[in-house]
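Enquirer: My questions are about this predicted structure, shown below with the sequence.
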Amino acid sequence: MLTSSDVQTRLREVPFTPFRIVISAGTSHDVYHPDMVIVGRRFLIVGTPSTEEPSQAELVTRVSVLHIAELQDIPPVLSR
């Protein structure tokens with residue numbers, strides 16, 4: 001079982017490696033920047049980046065830590 005500390009460890013890695021939070025229901029949330037996730041003891045607030053300004057969240061989703069099935073590495077987005 002994954003914990004909020006596991007997510008926090010991934011967010012603090014240097015250099016940061018983008019990752020996917022896979023939820024038990026089958027949905028997922030891609031994290032390309034550590035500022036897009038707020039970690040609570042029992043939940044995460046995951047921001048979805050705005051298409052106009054990727055450093056700002058367009059919307060947020062609350063995720064229960066109990067429902068995190070997996071953290072997967074994903075390739076970084078290359079800047080143009």
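Expert: Good, I have the coordinates. Residues are numbered from 1 along each chain as shown.
Enquirer: show me what contacts Ala25?
Expert: By C-beta atoms under 8 Å, 6 or more residues apart in numbering, the residues touching Ala25 are His67. The C-beta positions use only the backbone N, C-alpha and C, and glycine is treated the same way.
Enquirer: ok, it to Pro18 distance?
Expert: Counting by C-beta to C-beta, to the nearest Å, the gap from Ala25 to Pro18 is 22 Å.
Enquirer: Same check on Glu53?
Expert: 18 Å.
Enquirer: And those two? Which one has more around it.
Expert: Pro18 (16 against 9; other C-beta atoms under 10 Å).
Enquirer: ok, which stretches of the chain are strands?
Expert: For the chain, applying DSSP state E gives strands covering 19-23, 28-31, 37-39, 43-49, 57-64, 68-73.
Enquirer: right, and those strands - which one's nearest Gln8?
Expert: Closest of those to Gln8 is strand 37-39, at 5.0 Å (criterion: C-beta to C-beta).
Enquirer: shaky segments in this structure?
Expert: 78-80 (pLDDT under 70).
Enquirer: Now for the residue most central in space within the chain: which residues touch it?
Expert: By C-alpha atoms, centre = their mean, the chain has its centre lying nearest to Val31, at 3.9 Å. By C-beta under 8 Å, 6+ apart, Val31 lies in contact with Leu11, Pro18, Phe19, Arg20, Ile21, Val37, Val46.
Enquirer: For ChimeraX, write a command that selects the buried ones of those residues.
Expert: Selection command for ChimeraX covering only the buried members of the contacts of Val31, criterion 16 or more other C-beta atoms under 10 Å:
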select :11,18,19,21,37,46
